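[1] Got a sequence here, can you build the structure:
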Amino acid sequence: MANSNFQHFITILLLFFFISPTFSQQSFRPKALVLPITKDGATTNQYKAQINQRTPLVPLNVIVDLGGQFLWVDCENKYISSTYRPARCRSAQCSLANSDGCGDCFSSPKPGCNNNTCGVTPDNSITHTATSGELAEDVLSIQSSNGFNPGQNVVVSRFLFSCAPTFLLKGLATGASGMAGLGRTKIALPSQLASAFSFARKFAICLSSSKGVVLFGDGPYGFLPNVVFDSDSLTYTPLLINPVSTASAFSQGQPSAEYFIGVKTIKIDEKVVSLNTSLLSIDNNGVGGTKISTVDPYTVLEASIYKAVTDAFVKASAARNIKRVGSVAPFEFCYTNLTGTRLGAAVPTIELFLQNENVVWRIFGANSMVSINDEVLCLGFVNGGKNTRTSIVIGGYQLENNLLQFDLAASKLGFSSLLFGRQTTCSNFNFTSTA
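    Below is the predicted model:
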């Protein structure tokens with residue numbers, strides 16, 4: 001136990017020393033940080049953020065990957081910075097990134113290609129493609145926040161990230177330069193930023209079909225018009241660790257950086273859905289369970305769970321006399337002549353019961369039904385097939401207009417339920433006035 005505590009102390013010390021902040025005013029230490037998000041709804045349904053990196057600062061569009069291991073960017077295409085520093089073999093930076101490898105580059109030195117450096121494995125989680133990349137550090141600028149408004153920009157002078165070749169951008173939204181990983185690693189954005197500015201290892205994400213926000217640091221968080229979310233506003237469930245990595249490439253013994261929760265039961269219109277509950281647990285091989293994803297546009301269910309859930313949804317819809325129409329790819333179950341409510345289309349409510357009967361993630365019509373045109377809406381769940389790695393993947397559309405807070409230190413998730421019930425949306429973070 002003493003050895004474990006000593007190793008934890010050394011890790012914190014390394015993070016504090018190597019991820020050093022530079023403040024525009026030396027006395028100013030932000031309570032939180034804010035990153036605006038927009039959805040590329042026209043083509044990819046990916047969620048984009050803009051970061052400012054390098055010296056001089058360059059604005060970069062990156063795709064938000066909730067379970068991603070770190071920030072990676074294309075270094076082959078015009079990466080110019082006077083503050084770029086590769087991580088040297090066996091350095092503290094390599095240790096933080098769990099990188100034991102050591103490599104050389106057989107061409108002239110440049111960002112992404114230097115001798116005596118350690119590497120990591122940048123992963124395009126959209127196309128499930130991974131490659132090797134040089135671990136490096138450079139300046140990162142981000143807006144501070146008080147949880148209600150944006151504030152002044154602050155700078156991390158030695159932010160760790162990975163270089164990647166240009167080909168890894170394939171499949172990302174037009175104009176993207178990489179991906180921003182928010183996962184459970186020491187060099188993902190939440191842990192690095194918390195260490196740099198000495199605030200809690202917590203972050204909140206709130207997505208919408210247009211604009212959204214990531215807030216690094218603890219709440220309360222405010223949205224127009226005067227809607228405040230604090231610890232009493234959220235329902236909490238444990239975050240589970242999958243012992244086997246879910247990345248496209250990984251080392252043996254490496255746990256997953258993604259966020260898993262423990263769904264125990266599914267109900268539709270208060271009736272239990274009969275399914276193979278063993279699929280809801282994560283086995284010793286890392287198979288099964290439920291994870292939350294921003295790179296899957298819609299919820300993906302293992303084949304037998306998909307059949308059970310959709311059969312129950314169709315039955316409950318028929319009992320409500322909702323008219324079904326033909327399928328519209330990729331959706332199988334579509335309806336017309338639906339009436340609207342404050343929580344979206346009036347369709348059967350899907351309930352995910354977590355650690356007990358009192359902890360429920362409810363999916364109302366606004367998150368379950370996808371609008372195809374003015375007359376047709378489809379159930380926004382897709383069939384993942386029989387041999388899925390994860391049984392339930394809660395996708396981006398089902399997360400929209402729900403505030404989620406990830407507490408890394410306590411390993412728990414706080415969730416708000418649909419914000420429409422509080423008469424606000426995730427696009428209502430007040431970016432128009434400053435803290």
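
[2] The stretch 151-300 of the chain: helices as residue ranges?
    Assigned helices in the stretch 151-300 of the chain, in chain order: 189-197 (criterion: DSSP state H, counting those that start in this stretch).

[3] Please enumerate the strands of it.
    Secondary structure of the stretch 151-300 of the chain (DSSP state E, counting those that start in this stretch): strands located at 176-181, 202-206, 211-216, 221-223, 227-229, 235-238, 259-261, 265-268, 271-272, 290-292, 299-301.

[4] Could you save those strands as TSV and add columns showing mean neighbour count and mean pLDDT?
    (Glycine included, C-beta is placed from N, CA and C.) Shown next, in TSV, are the strands of the stretch 151-300 of the chain (neighbours: other CB atoms under 10 Å; pLDDT from 0 to 100):
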stretch	mean neighbour count	mean pLDDT
strand 176-181	26	98
strand 202-206	25	98
strand 211-216	24	98
strand 221-223	23	97
strand 227-229	18	97
strand 235-238	16	98
strand 259-261	23	98
strand 265-268	20	98
strand 271-272	13	98
strand 290-292	24	98
strand 299-301	25	98
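
[5] Could you export these to CSV, including columns for distance to residue 426?
    Supplementary listing: these in CSV, determined by distance: least, CB to CB, whole Å:
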stretch, distance to residue 426
strand 176-181, 18
strand 202-206, 4
strand 211-216, 5
strand 221-223, 8
strand 227-229, 11
strand 235-238, 17
strand 259-261, 18
strand 265-268, 25
strand 271-272, 30
strand 290-292, 15
strand 299-301, 18
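
[6] Out of those, flag the one nearest residue 38.
    Distance to residue 38, taken as CB to CB, is lowest for strand 211-216 among these, at 5.7 Å.

[7] for the protein, which residue is closest to the average position?
    residue 66 (1.5 Å; CA atoms, centre = their mean).

[8] ok now do it, which residues does it touch?
    182-183, 205, 258-259, 292-295 (CB atoms under 8 Å, 6 or more residues apart in numbering).

[9] Of the strands of the stretch 151-300 of the chain, which is nearest residue 308?
    Going by CB to CB, the one of the strands of the stretch 151-300 of the chain nearest residue 308 is strand 265-268, 7.9 Å.

[10] Listing partners with orientation, what would you give for that closest one?
    strand 271-272 (antiparallel), strand 350-353 (antiparallel) (DSSP bridges).

[11] what's that strand in contact with?
    272-273, 275, 277, 305, 308-309, 312-313, 316, 348-353.

[12] Centre of the chain to that strand, how far?
    The chain centroid and the centroid of strand 265-268 are separated by 24 Å, computed with CA atoms, centre = their mean, to the nearest Å.

[13] Check what pLDDT the residue sitting furthest away from the middle of the chain gets.
    Outermost residue of the chain with respect to the C-alpha centroid, by CA atoms, centre = their mean, is residue 321; its distance is 37.1 Å. For residue 321, the pLDDT comes out at 97.
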